[in-house]
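Enquirer: Quick one, what's the 3D model for this:
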Amino acid sequence: MASATLFMNSVSVSGVLAPICETRPSVAGLQASAVSFPTKKVFKTFSGLKAGVACESESSFFSHETNAVLWSSVSRPRSAENRQTVQNAGQIRASTFKVAILGAAGGIGQPLSLLIKMSPLISGLHLYDIANVKGVAADLSHCNTPAQVLDFTGPAELADSLKGVDVVVIPAGVPRKPGMTRDDLFNINAGIVRTLVEAVADNSPNAFIQIISNPVNSTVPIAAEVLKQKGVYDPKKLFGVTTLDVVRANTFVAQKKNLRLIDVDVPVVGGHAGITILPLLSKTKPSVTFTQEEIEQLTVRIQNAGTEVVEAKAGAGSATLSMAYAAARFVESSLRALDGDPDVYECSYIQSELTELPFFASKIKIGKQGVEAVIASDLEGLTEYEQKSLEALKPELKASIEKGIAFANK
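Expert: Just a heads-up that it's a prediction; the model follows:
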């Protein structure tokens, strides 16, 4: 694998904690960040990974138990009774899952690693890249959360990075630059994904495999073909991470309709590029009415949101922070499912029979063994606009799938 293929722009991850208007003395564990938290209730939502910035809500991306452990790691000394309450809350899901991030030194990999390090659901975080990963691991290892951080550099250490892990996340590859489409990334990133998935097949064939590397419409089929060739393909455990499309749809709809972010859920189906991204605005929860102009404007913005970021960064990178945020949500959901949570639903690009296409993004239920159910009801009762958009995306998505399959088999 060429030495330059996994490099991404470095990013600052110090802005994970959202500023809060009220102030109190700085929390001991976070003095360097100059961020303070007015109440425990607000801290419960500091991550915002599910709830956006709805600080008044009890919910966030992390489970209540996760937030309890995070709170206990930075709060001031408590009474013995209170310490035991927090400790017991955190132990409800005290698990020993291990997560490997392949491409951990990149623009997505670094903030993603930080967010995953915060989860008490993991005991080990394996960081792999072809260069610069030792510093990332050293930095993260200073965070006072339970997961042990190990670094692995270069092809010679790839196999070791994958041994014994439960979830493998692959953000490796080159980022988009102005004027580039996801297909422009294909020739570089397709080879990276193939090499990494071959290693996964050899060393952790039973792990959940979560593909972030673009073009996801093609890289997931590539991964599937590689796993088939290795004789270890389980379609229930291979996921294309399309959560960013959902995160964007929820954010843009909440802004447009002045809704609380915590309340908004917009299913996004199809694929993960351009017109293959189809937000089903008619299925928005809570129920909300859109004009046709609003529907068209929102749909186009959601489809082109990645380009919006690429152009705003003016050559300095792509949507690294929001992608890390969305991927962390999907990883946390997967960990909760592995840990026995019976109520885990996310949108993901998977092998599917929902349409005539072999791969398709839709809402799924995730369990201990991977995909437990595909939520077909989202494609029932579509509006005329959505139905036409669904039919229009199929040829492009089909071509991307076939391109990936052909690459893997050549």
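
Enquirer: so where's the chain shaky on pLDDT?
Expert: Along the chain, the model assigns pLDDT under 70 to residues 1-95, 176, 178, 180-183.

Enquirer: Mind doing that once more with 90?
Expert: Counting by pLDDT under 90, the chain contains low-confidence ranges at 1-96, 120, 174-185, 187-188, 307, 310, 314-318, 410.

Enquirer: any chance you could map the helices in it?
Expert: Counting by DSSP state H, the chain forms helices over residues 40-43, 64-74, 80-91, 109-117, 133-141, 155-162, 186-203, 216-229, 243-257, 292-303, 305-313, 320-338, 384-409, given from the N-terminal end onward.

Enquirer: Tell me how many other residues crowd the closest residue to Thr320 other than its chain neighbours.
Expert: Once its chain neighbours are removed from consideration, Thr320 has its nearest residue in Gly107; the separation is 3.6 Å (C-beta to C-beta, 6 or more residues apart in numbering). Quick note: C-beta positions are derived from backbone N, CA and C, even for glycine. When counting by other C-beta atoms under 10 Å, one arrives at 23 neighbours for Gly107.

Enquirer: how near is Gly107 to Ala324?
Expert: 8 Å (C-beta to C-beta, to the nearest Å).

Enquirer: returning to that earlier point: would you format the helices of the chain as CSV with mean neighbour count included?
Expert: Shown next, in CSV, are the helices of the chain (neighbours: other C-beta atoms under 10 Å):
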stretch, mean neighbour count
helix 40-43, 16
helix 64-74, 21
helix 80-91, 13
helix 109-117, 26
helix 133-141, 18
helix 155-162, 17
helix 186-203, 20
helix 216-229, 25
helix 243-257, 22
helix 292-303, 16
helix 305-313, 17
helix 320-338, 24
helix 384-409, 17
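
Enquirer: how about JSON lines for the ones you listed, with distance to Ala147 added?
Expert: As requested, the helices of the chain are exported to JSON lines (distance: least, C-beta to C-beta, whole Å):
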{"stretch": "helix 40-43", "distance to Ala147": "20"}
{"stretch": "helix 64-74", "distance to Ala147": "11"}
{"stretch": "helix 80-91", "distance to Ala147": "13"}
{"stretch": "helix 109-117", "distance to Ala147": "5"}
{"stretch": "helix 133-141", "distance to Ala147": "9"}
{"stretch": "helix 155-162", "distance to Ala147": "15"}
{"stretch": "helix 186-203", "distance to Ala147": "20"}
{"stretch": "helix 216-229", "distance to Ala147": "25"}
{"stretch": "helix 243-257", "distance to Ala147": "21"}
{"stretch": "helix 292-303", "distance to Ala147": "33"}
{"stretch": "helix 305-313", "distance to Ala147": "29"}
{"stretch": "helix 320-338", "distance to Ala147": "11"}
{"stretch": "helix 384-409", "distance to Ala147": "33"}
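
Enquirer: Please identify which of these is closest to Leu357.
Expert: Relative to Leu357, the nearest member of the helices of the chain by C-beta to C-beta is helix 384-409, separated by 5.8 Å.

Enquirer: what's the closest one packed up against?
Expert: Under the contact definition 3 or more C-beta pairs under 8 Å, 6 or more residues apart in numbering; DSSP states H and E, helix 384-409 sits against helix 186-203, helix 216-229, strand 268-270, strand 277-279, helix 292-303, strand 359-367.

Enquirer: switch the cut-off to 6 Å
Expert: helix 216-229 (3 or more C-beta pairs under 6 Å, 6 or more residues apart in numbering; DSSP states H and E).

Enquirer: Could you figure out how far the helix it packs on is turned away from helix 186-203?
Expert: Orientation check (axes from the mean of the first three to the mean of the last three C-alpha atoms, to 10 degrees): helix 216-229 against helix 186-203 gives 40 degrees.

Enquirer: Find the centremost residue of the protein, please.
Expert: Nearest to the mean C-alpha position of the chain, by C-alpha atoms, centre = their mean, lies Ala327 at 1.0 Å.

Enquirer: From what I see, that one and Leu112 are in contact.
Expert: Yes. Because the distance of 5.3 Å satisfies C-beta atoms under 6 Å, Ala327 is recorded as touching Leu112.

Enquirer: residue contacts, the residue nearest to the centre of the chain?
Expert: When contacts are counted by C-beta atoms under 6 Å, 6 or more residues apart in numbering, Ala327 is found next to 112, 212, 241.

Enquirer: Tell me the spacing between it and Thr242.
Expert: 10 Å.

Enquirer: ok, now how distant is Ile405 from Phe359?
Expert: To Phe359, Ile405 is 10 Å away according to C-beta to C-beta.

Enquirer: who touches both of the two?
Expert: With the criterion set as C-beta under 6 Å, 6+ apart, the overlap between the contacts of Ile405 and Phe359 is Pro221.

Enquirer: Make JSON lines from the contacts of Ala327 and add distance to Gly306 to it.
Expert: Written out in JSON lines, the entries for these read as follows (distance: C-beta to C-beta, whole Å):
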{"residue": "Leu112", "distance to Gly306": "17"}
{"residue": "Ile212", "distance to Gly306": "12"}
{"residue": "Val241", "distance to Gly306": "13"}
